[in-house]
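Need a 3D model of the following:
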Amino acid sequence: MKQYIQQNKERFFEELFSLLRIPSISAKAENKPDMQRCASRLAQLLLEAGADEAAVYPSKGNPVVFGQKIIDPAAKTVLVYGHYDVQPPEPLDKWLTDPFEPVIHDDAIWCRGANDDKGQLFMHIKAFEFMVRTGRLHHNVKFIFEGEEEIGSPSLPDWMREHKDLLKADICLVSDTTMISEKVPSINCGMRGLSYLEVKVTGPNKDLHSGHYGGAVANPITVLCEMIAQLHDADQRVAVPGFYDKVVELSKEDRELLAKAPFDLDEYKQFLGIDEVRGEKGYTTMERTGIRPCLDVCGIWGGYTGEGAKTVLPSEAHAKISMRLVPNQLSREITPLFRKYFESIAPKDVHVEVKECEGGDGFLIPISSDAYKAASRAIAEVYGIEPVPSRGGGSIAVLAEMQQILGIDPLLMGFGLERDTIHSPNESYLLKQLFGGMESIALFYQYY
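Numbers count the residues shown, from 1 in each chain. Here you go, the predicted model:
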């Protein structure tokens, strides 16, 4: 595969860049035409790589790309999942380059989607191409690429139910996660679920003159801040009653096993530019982001935020809140628990609304499976060290539903790194991770 990459590297860049230049932002209605354009380009790339068929299918939301190559109906079938939608690039003034014009700098590709997930799904297309063109492919391979992962995959579960027979497979191969580091490769054996909400606090029926009414009427921003302060206790545990009822405490042995993964706290703080870490009392930083749930405010706004002064007491204040959930915590149960608690702590001088935005459950996969062992062997051969099993702090909510609908486990062969700053300005993807991923995926097919 190394030689194949070297021979075709410039073509690979050209093809990947054609995807990265499309602003396929699922969160914005104005980018709807770009979703179709990106899906069509992916179908074309699958056909050029050697798929028997590849097409763009309509869904209730953005289109789904499906392609396949059937070598032998009796052979094992690998279903490759990825997503072609990306996060909004804002704040634009923080980008050092145009977010949708890829550039290669410092041995990395810089662009929105370079890692998450266009760069990583592209690895699968090229590894598949290599296996087909060299006659090494002995598995059936199916591809499903969606355009709504960044907004919670609202349409894909129904689409999968409608096309269940088409998607029959033995394993779902996914590259949409990170490794511990480029020197310490890892394979995620579980991810957290998600409950994402938007809250609105309303006070007076209109914005008021802060001189005429300040000090006499509840300020929704102040009230919202007071309510947010009540979402955690002194030990940084989530204060929502019932939140931890189904959280399974890991055994001492399991925690010791996870602690074997190398982690440098000083390096972590230096990378983030912080003096101290903060989180739930009694747990390490790695545990807080892997095996424990959490609640965070992702955005907050209200009143006048433009240039200069405007002496106004706002009518409304808003916040977006995410809760990362561990296995056994169900989004459909946690969301109403939050709503009940948030409404209960609201003072009588304001009105509170809680809107559900997206949600999904977490999952765990066995590390004793043939697929996991094949992935571990493949990565060890490429990186020269056996990968460490880890728990992912993020969420790919649809994978838990895929387990239930299709009856197959996901295998998370992710090659991103924390340095890639996905979801933030200046997203990038190291070339050695891009190419290392291609090599590892090709070897996975050999060993599975």
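
in the stretch 201-350 of the chain, which spans are helices?
Remark: helices assigned in the stretch 201-350 of the chain by DSSP state H, counting those that start in this stretch are 210-213, 220-229, 252-258, 265-272, 285-290, 331-344.

which one of those helices lies closest to A127?
With Cβ to Cβ, the closest approach to A127 among the helices of the stretch 201-350 of the chain belongs to helix 285-290: 27.7 Å. All C-beta spots, glycine's among them, are computed from the backbone N, C-alpha and C.

any idea how far stretch 160-178 is from the chain center?
Chain-centre distance of stretch 160-178: 16 Å, with Cα atoms, centre = their mean, to the nearest Å.

Now do that stretch: distance from first to last residue.
For stretch 160-178, the first-to-last residue distance is 26 Å (Cα to Cα, to the nearest Å).

do stretch 346-357 as well
End-to-end distance for stretch 346-357, by Cα to Cα: 21 Å.

So what touches that stretch?
Outside stretch 346-357, the residues that touch it by Cβ atoms under 8 Å, 6 or more residues apart in numbering are 152, 195-203, 217-218, 220, 223, 227, 320, 335, 338-339, 342-343.

hang on, the earlier thing: of all the helices of the stretch 201-350 of the chain, which one comes closest to Y57?
With Cβ to Cβ as the yardstick, what comes closest out of the helices of the stretch 201-350 of the chain is helix 331-344 (26.3 Å).

before we move on, the earlier item: tell me the buried residues within the contacts of stretch 346-357.
Burial by neighbour count, 16 or more other Cβ atoms under 10 Å: within those this picks out 152, 195-197, 199-203, 218, 220, 223, 227, 320, 335, 338-339, 342.

Contacts only, for H124.
80, 82, 143, 173, 175, 441.

State the distance from the most far-flung residue of the chain relative to its centre to L313.
Relative to the mean C-alpha coordinate of the chain, counting by Cα atoms, centre = their mean, the farthest residue is H212 (46.8 Å). For H212, the distance to L313 equals 9 Å [Cβ to Cβ, to the nearest Å].

swap in I345?
I345 is 22 Å from L313, by Cβ to Cβ.

How much space separates Y445 from M413?
11 Å.

neighbour-wise, which of these two wins?
M413 (29 against 21; other Cβ atoms under 10 Å).

which ones are touching the more buried one?
M413 makes contact with 173-175, 187, 375, 379, 437, 440-441, 444, according to Cβ under 8 Å, 6+ apart.

Quick check: end-to-end length of stretch 421-438?
Termini of stretch 421-438 sit 21 Å apart (Cα to Cα).

Next: stretch 124-144.
11 Å.

Check stretch 130-146 too.
23 Å.

T177 is in contact with L417, isn't it?
No. Assessed by Cβ atoms under 8 Å, T177 is found out of contact with L417, at 10.7 Å.

so how far is the helix or strand that contains L443 off the chain centroid?
Assigned by DSSP states H and E, L443 belongs to helix 431-447. How far helix 431-447 lies from its chain's middle: 21 Å, per Cα atoms, centre = their mean.

and it, which residues are buried?
Result for helix 431-447 [16+ other Cβ under 10 Å]: buried residues 431, 433-446.

how close does G61 sit to E148?
Counting by Cβ to Cβ - G61 and E148 are separated by 5 Å.

what do you get for I321?
21 Å.

quick one: which of those two has more around it?
Each of I321 and E148 has its neighbours counted (other Cβ under 10 Å); E148 has more, 25 against 21.

what's near enough to touch that one?
Residues counted as contacts of E148 (Cβ under 8 Å, 6+ apart) are 26, 61-62, 83, 85, 154-156.

could the residues you listed be laid out in TSV, adding pLDDT, neighbour count and distance to F13?
As requested, those are exported to TSV (pLDDT from 0 to 100; neighbours: other Cβ atoms under 10 Å; distance: Cβ to Cβ, whole Å):
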residue	pLDDT	neighbour count	distance to F13
S26	98	26	25
G61	97	20	31
N62	98	27	26
H83	98	28	21
D85	98	27	22
P154	94	17	33
S155	96	20	31
L156	97	26	29
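
N219 contacts E316, correct?
No. Applying Cβ under 8 Å, one finds N219 not in contact with E316, separated by 10.8 Å.

what touches both of the two?
Shared contacts of N219 and E316 (Cβ under 8 Å, 6+ apart): G203.

On the three-state scheme, R11 is what?
Using DSSP: H, G, I helix; E, B strand; the rest coil, the structure places R11 in helix.

and it, how far is that from S186?
30 Å.

neighbour count winner among the two?
S186 (22 against 10).

so that one makes contact with I180?
Yes. At 4.4 Å, S186 and I180 qualify as touching, with contact defined as Cβ under 8 Å.

shared neighbours of those two, anything?
Any residue near both S186 and I180 by Cβ under 8 Å, 6+ apart counts here, and that gives 261, 388, 390.

which ones are touching the nearest residue to L411 once chain neighbours are set aside?
Nearest non-adjacent residue to L411, counting by Cβ to Cβ, 6 or more residues apart in numbering: A371, 4.9 Å away. By Cβ under 8 Å, 6+ apart, the residues touching A371 are 170-171, 173, 409, 411, 448.

go again using 10 Å as the cut-off
Neighbouring residues of A371 by Cβ atoms under 10 Å, 6 or more residues apart in numbering: 76, 78, 170-173, 365, 408-411, 413, 444, 447-448.

Repeat that for V247.
Residues in contact with V247 (Cβ under 10 Å, 6+ apart) are 291-293, 325-329.

if you set the cut-off to 8 Å instead, what comes out?
With Cβ under 8 Å, 6+ apart, V247 has these contacts: 292-293, 326, 328-329.
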